[in-house]
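> sequence unavailable; structure follows:
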């Protein structure tokens, strides 16, 4: 069964009141928290690093996705592992050679986290082919990485279907649409209807009922996490969505 979850970014949050921000999002009913880590090099903006990620981890039991928009994920992956997110994703477009990317993904999995890769709007889904057996999630960027406030781009969102096909044999796998995702963008995302638990947004985006998370945090960007669940795939840990760790 395929479900749709709301993952809220804290990029524009008031970091002087991080506790209040996290509690507000929890009360609103978001399913996950999304941490946009930017280094000022891979993307022009700078946000925060592993220390803030660790602080968020201490504040909540919600699943946390760390999205590393940084030039050297292999250099910093240990620090983000120690920060405690449930998944760690870096960009396919980083300059590391394939063997370093494979090694970084392997290290993330060995630490009990979910490894992922993100693809920017211009990168085709087929680029991920050599990583199919190593990923628990893929982030499909529906804006150019590195800037908030951009409008949802429906063309790259169409790659979600390509990613699903590429990973169709994986039992526990998630696709995230990242950037400009809001109620206005949903009808344009061409999601197809499927059954979903009442607490989640149905994947028929045009007819989705109101979700309290949409108005949880003014200025916060939302993501849709398309997750495929199979019968008997029980989770463990802090809301871990991909099955038991280790």
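It's in. What you see is a predicted model; the values in this text were computed from it and never measured.
> from here on, just use CA atoms for contacts and neighbour counts.
Noted.
> could you list the buried residues of stretch 20-40?
21-22, 25-26, 28-39 (16 or more other CA atoms under 10 Å).
> of these, which is the nearest to residue 150?
Closest approach between the buried residues of stretch 20-40 and residue 150, by CA to CA: residue 36, at 14.7 Å.
> touching, that closest one and residue 70? I think so.
No. The criterion here is CA atoms under 8 Å, and residue 36 misses it with residue 70 at 9.9 Å.
> which strands and helices lie in contact with the helix or strand that contains residue 27?
Per DSSP states H and E: residue 27 is located in helix 18-28. Applying 3 or more CA pairs under 8 Å, 6 or more residues apart in numbering; DSSP states H and E, one finds that helix 18-28 contacts helix 50-59.
> the helix or strand just after the helix it packs on to helix 50-59, inter-axis angle?
Heading C-terminal from helix 50-59, the first helix or strand you meet, by DSSP H and E, is strand 64-69. With axes from the mean of the first three to the mean of the last three CA atoms, to 10 degrees applied, the angle from strand 64-69 to helix 50-59 works out at 170 degrees.
> any stretches of this structure with poor pLDDT?
Residue ranges of the chain with pLDDT under 70: 1-2, 183-246.
> what's the burial count for residue 144?
Using other CA atoms under 10 Å, the number of residues around residue 144 comes to 18.
> ok, it touching residue 121?
Yes. If you go by CA under 8 Å, residue 144 and residue 121 touch, sitting 6.5 Å apart.
> and the strands in this protein?
Here the chain has its strands, by DSSP state E, at 2-9, 32-38, 64-69, 87-91, 114-119, 137-141, 173-181, 222-228.
> now tabulate those strands in TSV and tack on distance to residue 105.
Listed next are the strands of the chain as TSV, based on distance: least, CA to CA, whole Å:
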stretch	distance to residue 105
strand 2-9	22
strand 32-38	17
strand 64-69	13
strand 87-91	9
strand 114-119	6
strand 137-141	11
strand 173-181	15
strand 222-228	20
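> closest to residue 131 out of these?
Proximity to residue 131 (CA to CA) singles out strand 114-119 among the strands of the chain, at 8.8 Å.
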